[in-house]
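Colleague: requesting a structural model of the entry that follows:
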Amino acid sequence: MNSPADARGLRLTKLKQAQRQLALLSAQAQQRAAAQRREEAAALRASAEQTLHLATLQPEDGLTRSLLFDRLRVLAVARAHALETGHAAGDMEADATRCDAAERVQRERAALQHRKQKKLEHWHAQQRRATNRLRESRLHTQTLDEIACRRRSPR
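Modeller: Residues are numbered from 1 along each chain as shown. A predicted model of the protein is given here:
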């Protein structure tokens, strides 16, 4: 006969399994988010380098002062854009690092839930073994009592 503790133990074990699965799924999502942010950061950095490469001032003859200042203004805007893009890439790298930390926390939580689940399973297995030993002992004692209490037939 199953005791209420056995039923609760089974539910607790299933709860720990579910919590472990959720933590692992969350860790995987964090890992994907970190990878995506790193890819975006690399793309932004490549875009910034491309912008800086294209924004170099080429020597030209016959430039007027206003054309020279216009070209310098365009160059300054391009460099500012590249700088902002570099900062955005840095922010994405920081987000990726935070995602990595969150993934680590989730994996640790999953490991903790797995350890708790194994402890519960071990404890309930010990309880079942102890209950079975007690039941066997009672049956053996009852059988011995029945044998001792039987009337012996006259010979």
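Colleague: is it true that R20 touches A110?
Modeller: Yes. Using CB atoms under 8 Å, R20 is in contact with A110, at 4.8 Å. Yep, even glycine has a C-beta here, placed from its N, CA and C like the rest.
Colleague: in terms of helices and strands, where is the nearest residue to A55 once chain neighbours are set aside?
Modeller: Nearest in space to A55, with sequence neighbours left out and distances taken as CB to CB, 6 or more residues apart in numbering, is A78 at 3.5 Å. Using DSSP states H and E, A78 maps to helix 65-149.
Colleague: how about the contacts made by the spatially most central residue of the chain?
Modeller: Here the mean C-alpha position of the chain is nearest to the C-alpha of A27 (CA atoms, centre = their mean), at a distance of 1.8 Å. By CB atoms under 8 Å, 6 or more residues apart in numbering, the contact list for A27 reads A102, E103, R104, Q106, R107, A110.
Colleague: secondary structure element for it?
Modeller: Here A27 is assigned to helix 4-54, by DSSP H and E.
Colleague: show me the shaky parts of this structure.
Modeller: 1-6, 151-155 (pLDDT under 70).
Colleague: can you tell me the SS state at G62?
Modeller: Per DSSP: H, G, I helix; E, B strand; the rest coil, the secondary structure class of G62 is coil.
Colleague: torsion angles phi and psi at it?
Modeller: phi 80, psi 20 (degrees, to the nearest 10).
Colleague: and it, how far from L68?
Modeller: Using CB to CB, to the nearest Å, G62 is found at 11 Å from L68.
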